[in-house]
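J.: Sequence and predicted structure are below.
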Amino acid sequence: MTPNKIKLLINKPIIKVQKGTSARDAVKIMAKENVGSILIFDGDKLIGIFTERDLLRAVARDEDLNKPVEELGTTKNLITIDEDSPINVAAELMSKHCIRHLIVVNKSGKPIGVVSIRDIIGEKHILSILSNVDKVEEWIGGD
């Protein structure tokens with residue numbers, strides 16, 4: 001049987017910054033850690049996520065990258081998924097919300113990792129699982 005829980009795709013520890021960190025410093029951390037997103041915390045509480053797309057939009061709008069990362073990232077209506085959810089549910093959430101990074105949380109709601117669309121499509125056995133779901137929609141978006 002092929003494992004299909006989303007938590008099995010978490011392949012890096014959580015990369016995070018504290019509220020008030022400049023977007024510029026967050027991007028430097030993302031580059032150093034070779035990740036496309038970074039979680040934003042206020043103390044121990046998750047308050048947002050900053051992604052490559054947020055950086056792209058900020059640059060396109062001529063935003064000051066010295067602004068706090070929470071001003072340029074997503075801090076409202078965060079999309080999360082329970083660690084034991086099936087991979088196809090994660091793929092559906094990403095497609096529905098047009099996102100490429102999904103925050104994985106444990107039963108207590110604490111973030112335990114981030115899964116990217118590349119984590120999902122990069123695994124041959126995952127593609128097999130997704131091809132067998134009842135409702136398969138086209139992936140729409142730019143990359």
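T.: Cool, got the structure. Since the structure is predicted, the reported quantities are computational estimates derived from the model, not experimental observations.

J.: How about the contacts made by the residue nearest to the spatial centre of the chain?
T.: Taking Cα atoms, centre = their mean, the centroid of the chain lies closest to His101, which sits 2.2 Å from it. Going by Cβ atoms under 8 Å, 6 or more residues apart in numbering, His101 touches 36-37, 49, 51, 114-117. Just so you know, the C-beta spots here come from the backbone N, C-alpha and C atoms, and that holds for glycine as well.

J.: Let's have those residues in JSON lines, adding distance to Glu70.
T.: What follows is these, written out as JSON lines (distance: Cβ to Cβ, whole Å):
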{"residue": "Gly36", "distance to Glu70": "18"}
{"residue": "Ser37", "distance to Glu70": "14"}
{"residue": "Ile49", "distance to Glu70": "10"}
{"residue": "Thr51", "distance to Glu70": "13"}
{"residue": "Val114", "distance to Glu70": "17"}
{"residue": "Val115", "distance to Glu70": "22"}
{"residue": "Ser116", "distance to Glu70": "21"}
{"residue": "Ile117", "distance to Glu70": "23"}
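
J.: Out of those, name the ones that lie in helices.
T.: Applying DSSP state H to the contacts of His101, the entries found in helices are Ile117.

J.: Would you check how far apart Val35 and Val17 are?
T.: Distance, Val35 to Val17, using Cβ to Cβ, to the nearest Å: 12 Å.

J.: Specify which residue of these two has the higher count of neighbours.
T.: Val17 (22 against 18; other Cβ atoms under 10 Å).

J.: where does the more buried one land in three-state SS?
T.: At Val17, secondary structure determined by DSSP: H, G, I helix; E, B strand; the rest coil is strand.

J.: So it is in contact with Ile40, correct?
T.: Yes. Judged on Cβ atoms under 8 Å, Val17 makes contact with Ile40 at a distance of 6.0 Å.
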